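In: Compute the structure for the input listed below.
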Amino acid sequence: MAGETVLWLHAVTRGLDPRQLAGLIGVGGRPVRTVEAAGLVAVVSPVDLGEFGEEPLRRNLEDLAWLEVVARAHHDVVDAVGRAGPVVPTRLATVYRDDARIGTVLADRRADFSAVLDRVTDRTEWGVKVYAAPAPPRPAAAPAPDTTGPGAAYLRRRREQLSAEHQTQQAAVDDAQEVHAALSRCAEAVRRHPPQDRRLTGQAATMLLNGAYLVGTEHSQQFGATVAALSGRYRTIRLELTGPWPPYSFSTVEFSTVEDFGVVEHRDPPR
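Out: Modelled structure (predicted):
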């Protein structure tokens, strides 16, 4: 096994001139190359079996520091391929033993890959996250005459506070939904991902929307302007725009294991 390599599959495209990838380094620290079959082009990089074989790969994917380095390297290749033409990114981690296995996948799934490539041609993905904005301080209300004792007065104030907080939260949820509807009208396709936990976002605020939008390249500036306009419209929420990205959310092609060593699919690269 020492020194033996397998192939990390970064992406699938078509019509790619390999010279466009000159100098590009893949996940394993080696130059990427292409495998062509059935009119498609797979972009791969050799990786060491001792680190990226099925069992060590499963262990390494639990190492967050290792995973971050690998995910960034994977994304850099996908991004480069996407700048050259339409791209179907593969998930972390998609590994095959050799060119023949990859060629078989391209031939068997040619229709699926072609359909996705048609869908994402001249389009990119934009991400919009919507967070609840901090509630503005409420002016202190004049205390009502207390005719029932201090305990009842406290409970009344607490109910009023909770009612106000609920109204603010509901307004933020409604506004986030309006934002999603407006952005959906500017996009070719949309995906709503589950809101991310605060531990992942690093934000104290609650995420209300984690949207992905497939936008025609010629409409990207208009989409950004729409996000900016929406950001100034609402006081209950805060918008965060990211992108453009390769179309990770709109290019899913399910893979199946090829014989004894095929595919291990895990997390998408962080965005």
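In: Sketch out the strands for this protein, chain order is fine.
Out: Under the criterion DSSP state E, the chain contains strands at 5-13, 33-37, 40-48, 88-89, 95-96, 123-132, 189-193, 207-216, 237-245.
In: okay, those strands, which one's buried deepest?
Out: strand 88-89 (a mean of 30; mean count of other C-beta atoms under 10 Å). Heads up, the C-betas are built off the backbone N, CA and C, glycines and all.
In: elements contacting that strand?
Out: Contacts defined by 3 or more C-beta pairs under 8 Å, 6 or more residues apart in numbering; DSSP states H and E place strand 88-89 against strand 5-13, helix 110-120.
In: mind saving the C-alpha coords of the shortest one as CSV?
Out: In CSV, the C-alpha atoms belonging to strand 5-13 read as follows (Å, rounded to 0.1, in the frame of the first residue of the first chain):
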residue,chain,number,x,y,z
THR,A,5,-2.4,6.2,-5.0
VAL,A,6,-6.1,6.5,-5.8
LEU,A,7,-8.1,9.3,-7.5
TRP,A,8,-10.0,12.1,-5.8
LEU,A,9,-12.8,13.2,-8.0
HIS,A,10,-13.2,17.0,-7.8
ALA,A,11,-15.7,17.7,-10.5
VAL,A,12,-17.2,16.8,-13.8
THR,A,13,-17.5,19.2,-16.8
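In: Could you give the average pLDDT over it?
Out: Averaging pLDDT along strand 5-13 gives 94.
In: For the protein, which residues score under the pLDDT cut-off?
Out: Counting by pLDDT under 70, the chain shows low-confidence ranges at 1-2, 135-168, 254-271.
In: re the thing from before, as CSV, the strands of the chain with distance to A115 would be great.
Out: Formatted as CSV, the strands of the chain follow (distance: least, C-beta to C-beta, whole Å):
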stretch, distance to A115
strand 5-13, 12
strand 33-37, 17
strand 40-48, 12
strand 88-89, 10
strand 95-96, 22
strand 123-132, 14
strand 189-193, 13
strand 207-216, 14
strand 237-245, 20
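In: re earlier: nearest to E218, out of the helices and strands packed on strand 88-89?
Out: Closest of those to E218 is helix 110-120, at 14.4 Å (criterion: C-beta to C-beta).
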